[in-house]
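Engineer: would you be able to build a 3D model of this:
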Amino acid sequence: MSRPVRWLLVAVAIVALLVVALLAAVPFLVDTPRVQALVASQATQALGRPVKFSSVSVSALPLPAVVLRDLEIAEDPAFGKGPFVKLEEARVRLRLWPLLLLRVELGDFVLREPVISLVQLADGRWNFSTLGGQAPEPRAPGRSRAPAGGAGAAAVLASRVKIDDGVLTYETRGGRAAARYRVEDLDVTLTPSPGFLGFEGDARVVPGELDVKIADGSLAVNGARALTDAPVRARVTVSGKKLGELAAAAMGPEPALSGGVKAALTVGGTVGKPRLTGDVDLTDLTVSQTQPACPEPKRRTLALGTVKLNVAWEDSRLAARPVTTSVAGGTLSTNLVATVSPGMPVDLSDLAIKGVAVEKVAVDYLCQGYAVTGPLDLTGSAAASATSPWTTLDGKGQVRLGPGKVVGSQALALIGNVVRVGGAVSSLLGGELPASFAGSPLDYESITATYTIADGVVTTRDLQFTSRVLRVSAAGTYALASGAMNLDVVVTHGRGELRGKVTGTAASPSIRVNPSTILRDVDPGKVERGLQDLLKRFR
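Structural biologist: Numbering: from 1, shown residues only. Below you'll find the predicted structure:
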């Protein structure tokens, strides 16, 4: 072995021995009480909240570190008495080069399995909004208070902070839209730089088991008066296959949704008022609900195609322009705006339904007694409160159905019996109607109408039902919540017409017949009583 090689090996051995000796001496070199005071004061100053822990120890391997046990960051008293952050162990790594010079400088903070509680009150305030202010400690007269906000925290936070396998709970309080969610497997790295705080990581949201990944995150903490005012940027991707669990937590068990979600979002705005934009796909989406009117099985399911949304979220307002999907062989598109506020208002503009096989919805899913078949085309708009849609719905539009068949048993029974009320009507019209009319589907060419809706009351002036044997026209109002009706009806047949007025409710209708029509020779009271009895069966 050559002399240079031997000297090199000797030098390596000496360095290795020095490193081992240094590591062995770390517990003796580190002034534990001083480090405890340093960590507590720096963390308290950075967060503006009391920070405490039960004990401090020094670990030499695998890297020199100070181990903090039972660490807690206090909650803002306005949000409760429990801790804001709680964890059993935190490691504060020591910088190696200063340690070789017998100086102690703090390096990375590693928080293992922390539990973080986020709370939002009904007025929009967050429990983290007061983070980063001056610590609540005595100060000498004339001493200026450090500015609250992220800038003070950034000046103190000179090292990376790593959250390892954390848990974050999110809770809203005091509002109608109260909710509680949990984020598990939270792994996040915070990296400070002059004026900025970078972050990246991933997590899993429950319910829903949504996998969330955050990349290229940055927080501009310099100059921000408070953490909530700090501008934020990031790229977020979301994926999951249990959308139903998330929907059930937000809307309740019925109707039940199932399917998956994929989203690619860009985050902007500030921490207190974030702004999200991007694309969301809801895949394999189905809607299931128990329908009392249906024969067994009473639980029915409606399948939709992939729902695509181009979304923007800002100031508690979600805009999706457009929303597109397919259903029952047709297409649906609209622009949606929903606001998280009392009543949860929802607005649908540019609503367009084209070529939807209405029987897939009215017959197979809803089992309606007045169901029809045929393609449905609809254009219009609608707005309502999600918490009470039937009394707050406003809108307008045009609808066209057909050609198709009337297949609902109640509708068939109604039409069949109407034309048989009174012997005179039966003899007059019976020759042109099949004997089995009441039990057979009735072909129709079209059903058309324009309509307006105000506070849940539908108004139409031109409803037209056209078939080979008759035409029905209707004009008036119908209340969605109560079923109250006020309709003028004209039934036109090849040999005459019948005019009447329908009032009351769908459950208890009242019919008045105009005796000046073709039924002038028939006792109006008899006709009215017959129609009254028939419409009572029509729910």
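
Engineer: alpha carbons only for contacts and neighbour counts from here, please
Structural biologist: Fine.

Engineer: partners of the strand of greatest length in the chain, with directions?
Structural biologist: For the chain, the longest strand by residue count, based on DSSP state E, is strand 274-290. Strand 274-290 sits in its sheet next to strand 256-269 (antiparallel), strand 299-303 (antiparallel), strand 307-314 (antiparallel), going by DSSP bridges.

Engineer: quick check: buried residues in it?
Structural biologist: Buried residues in strand 274-290, counted by 16 or more other C-alpha atoms under 10 Å: 274-283, 285-290.

Engineer: doesn't G240 make contact with D211?
Structural biologist: Yes. In this structure D211 lies within contact range of G240 using C-alpha atoms under 8 Å: 6.1 Å.

Engineer: contact partners for the closest residue to A263 other than its chain neighbours?
Structural biologist: Nearest residue to A263, sequence neighbours excluded (C-alpha to C-alpha, 6 or more residues apart in numbering): V280, at 4.3 Å. Taking C-alpha atoms under 8 Å, 6 or more residues apart in numbering, we find V280 in contact with 261-264, 308-311.

Engineer: so how far is R299 from the closest residue in space to A256 that isn't next to it in sequence?
Structural biologist: Closest residue to A256 apart from its sequence neighbours, by C-alpha to C-alpha, 6+ apart: S288 at 5.1 Å. In this view, S288 and R299 are 7 Å apart by C-alpha to C-alpha, to the nearest Å.

Engineer: and for T277?
Structural biologist: 36 Å.

Engineer: tell me the SS of E359?
Structural biologist: Under the three-state scheme (DSSP: H, G, I helix; E, B strand; the rest coil), E359 adopts helix.

Engineer: now do the contacts for the nearest residue to it once chain neighbours are set aside.
Structural biologist: Distance criterion C-alpha to C-alpha, 6+ apart; nearest residue to E359, sequence neighbours excluded, is T373 at 4.7 Å. Contacts for T373 (C-alpha under 8 Å, 6+ apart) come out as 357-359, 402, 404-407.

Engineer: rebuild these as TSV, extending it with distance to M344 and pLDDT.
Structural biologist: Listed next are those as TSV, based on distance: C-alpha to C-alpha, whole Å; pLDDT from 0 to 100:
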residue	distance to M344	pLDDT
A357	30	95
V358	28	93
E359	31	92
G402	35	89
G404	37	92
K405	38	89
V406	36	84
V407	37	84
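
Engineer: do you know how far the residue nearest to E359 is from S333?
Structural biologist: Counting by C-alpha to C-alpha - T373 and S333 are separated by 21 Å.

Engineer: what do you get for L463?
Structural biologist: Taking C-alpha to C-alpha, one finds L463 at 24 Å from S333.

Engineer: check F128 too.
Structural biologist: 39 Å.

Engineer: sheet partners, orientation included, of whichever strand or helix holds Y170?
Structural biologist: Using DSSP states H and E, Y170 falls within strand 161-172. Note on strand 161-172: by DSSP bridges, its sheet partners are strand 106-112 (parallel), strand 115-120 (parallel), strand 180-193 (antiparallel).

Engineer: CA atoms only for the shortest one, dumped as CSV, please.
Structural biologist: Spelled out, it's strand 115-120. Output of strand 115-120 as CSV, limited to C-alpha atoms (Å, rounded to 0.1, in the frame of the first residue of the first chain):
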residue,chain,number,x,y,z
VAL,A,115,-53.5,16.1,15.6
ILE,A,116,-54.5,19.5,14.2
SER,A,117,-57.9,21.0,14.8
LEU,A,118,-59.3,23.6,12.3
VAL,A,119,-62.5,25.3,13.3
GLN,A,120,-64.6,27.9,11.3
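
Engineer: now the helices for the stretch 51-200 of the chain?
Structural biologist: 96-100, 150-156 (DSSP state H, counting those that start in this stretch).

Engineer: mean pLDDT lowest for which of those helices?
Structural biologist: Note on those: helix 150-156 shows the lowest mean pLDDT, a mean of 42.

Engineer: does G343 touch S388 like I think?
Structural biologist: Yes. The criterion here is C-alpha under 8 Å, and G343 meets it with S388 at 7.5 Å.

Engineer: in the sheet, who's paired with V167?
Structural biologist: So, taking DSSP bridges as the rule, V167 has V115 as bridge partners.

Engineer: with T505 instead?
Structural biologist: Applying DSSP bridges, one finds that T505 bridges with A484.

Engineer: distance of it relative to D76?
Structural biologist: Distance, T505 to D76, by C-alpha to C-alpha: 55 Å.

Engineer: can you pull the poorly scored residue ranges out of the stretch 201-350 of the chain?
Structural biologist: Applying pLDDT under 70 to the stretch 201-350 of the chain flags residues 223-224, 250-251.

Engineer: and with 50 instead?
Structural biologist: Applying pLDDT under 50 to the stretch 201-350 of the chain picks out no residues at all.

Engineer: related to what we said a few turns ago, beta partners for the residue nearest to A263?
Structural biologist: A263, L309.

Engineer: since that was my last question, I'll sign off now.
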